[in-house]
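**Q** The sequence isn't on hand, but the structure is:
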């Protein structure tokens, strides 16, 4: 089935929280660091609740305004949402990217690159920052191909998840890392 990238719609909110949780459970378990299923459900699980879905809906509604202070695109395979990228402008003038996820079967089709191209166009000349899970070398390579570089020391997100800060400075061309 072909994949299609579209603006997120408010009705997508019901799928995005559970997708976010699924990706964390599939990709970030690290029992040695205390990043177990219970911890992930405590940190990310609320996005899959009725309240979390309402927050997703609000984010999407704001993202669909013009000019949009938020960015939210989804990848669809038929009626199923199989990935997304979201971000927002900060009051400081910078942009925060994240989260960005694609289910395994949606990876390797150029969808991440296409979403990133749309995101970079939306972000304009602002500096962009994100956090990537340390050890997720595929994601680090992906972001480097799009002009991001590691911008500091590894830190613990919520005191457990090893995370690397990455930034993309204005005017930095893709692949310039």
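**A** That came through fine. Just so we're clear, the structure is a prediction, and the values are computed from it rather than from any experiment.

**Q** what's the longest strand in the chain?
**A** The longest strand of the chain (DSSP state E) is strand 80-89.

**Q** in that one, what counts as buried?
**A** 81, 82, 83, 84, 85, 86, 87, 88, 89 (16 or more other CB atoms under 10 Å). (C-beta placed from N, C-alpha, C; glycine too.)

**Q** from the residues you listed, which two are the most distant?
**A** Maximum pairwise distance among the buried residues of strand 80-89 (CB to CB): 26.3 Å, between 82 and 89.

**Q** circling back to that earlier point, quick one: list the elements packing against the longest strand of the chain.
**A** Packed against strand 80-89 by the contact rule (3 or more CB pairs under 8 Å, 6 or more residues apart in numbering; DSSP states H and E) you find helix 13-27, strand 70-77, strand 95-102, helix 111-123.

**Q** how many degrees apart are the last one and strand 80-89 in direction?
**A** Between the axis of helix 111-123 and that of strand 80-89 there is an angle of 30 degrees, by axes from the mean of the first three to the mean of the last three CA atoms, to 10 degrees.

**Q** Next, the angle strand 70-77 makes with helix 111-123.
**A** 160 degrees.

**Q** residues in contact with the helix or strand following helix 111-123?
**A** Note on helix 111-123: by DSSP states H and E, the next helix or strand toward the C-terminus is strand 128-133. Outside of strand 128-133, the residues within contact range by CB atoms under 8 Å, 6 or more residues apart in numbering are 27-28, 87, 94-98, 120, 139-140, 143, 148, 151, 157, 161-168.
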